[in-house]
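Asks: Take this sequence and fold it.
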Amino acid sequence: MHDRMYPLPSKEFSQHRRELAPEVEKAFHDFSKAAFADGALPRKLKQLIAVAVAHATQCPYCIRGHTQGALQDGASEREIMEAIWVAAEMRAGAAFAHSVIALEAMAEATHR
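Replies: Below is the predicted model:
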């Protein structure tokens, strides 16, 4: 039993996942490697984007892994925090923007 909401990754979990679907696991790792390779965007920037997306999607494994990746690729703590603030703004902005759906529903309800 662990005292965390999310189990810690382990070699045993990774091995079992690989055994259950080895072709898919390999394809995912190949895709990930290609997606984070230097290209039009440098790796560091891609990792910062991933940190922001991980916070927006609220994936604790991704937050930890891509924060570590961003640091390894030369991102500063300030750059990482700014990426997190961008994610926070996007989440808040999405809630704000989607309020028009509620406003429309309220208008429809009052005009029946």
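Asks: only C-alpha atoms for contact and neighbour calcs from this point on.
Replies: Will do.
Asks: What ranges does the chain have for its strands?
Replies: With DSSP state E as the criterion, the chain has no strands.
Asks: quick check: domain ranges of it?
Replies: Here the domain parsing of the chain from automatic domain parsing is 9-38, 39-110.
Asks: what about the last one, how long is it end to end?
Replies: Yep, that's domain 39-110 we're talking about. End-to-end distance of domain 39-110: 53 Å, with CA to CA, to the nearest Å as the criterion.
Asks: what is the mean pLDDT for it?
Replies: Across domain 39-110, the average pLDDT comes to 97.
Asks: so how far is it off the chain centroid?
Replies: On the basis of CA atoms, centre = their mean, to the nearest Å, domain 39-110 sits 7 Å off its chain's mean C-alpha point.
Asks: could you dump the domains of the chain to TSV with mean neighbour count?
Replies: Shown next, in TSV, are those (neighbours: other CA atoms under 10 Å):
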stretch	mean neighbour count
domain 9-38	12
domain 39-110	15
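Asks: which one's the longest helix in the protein?
Replies: Secondary structure of the chain read by DSSP state H shows that its longest helix is helix 77-110.
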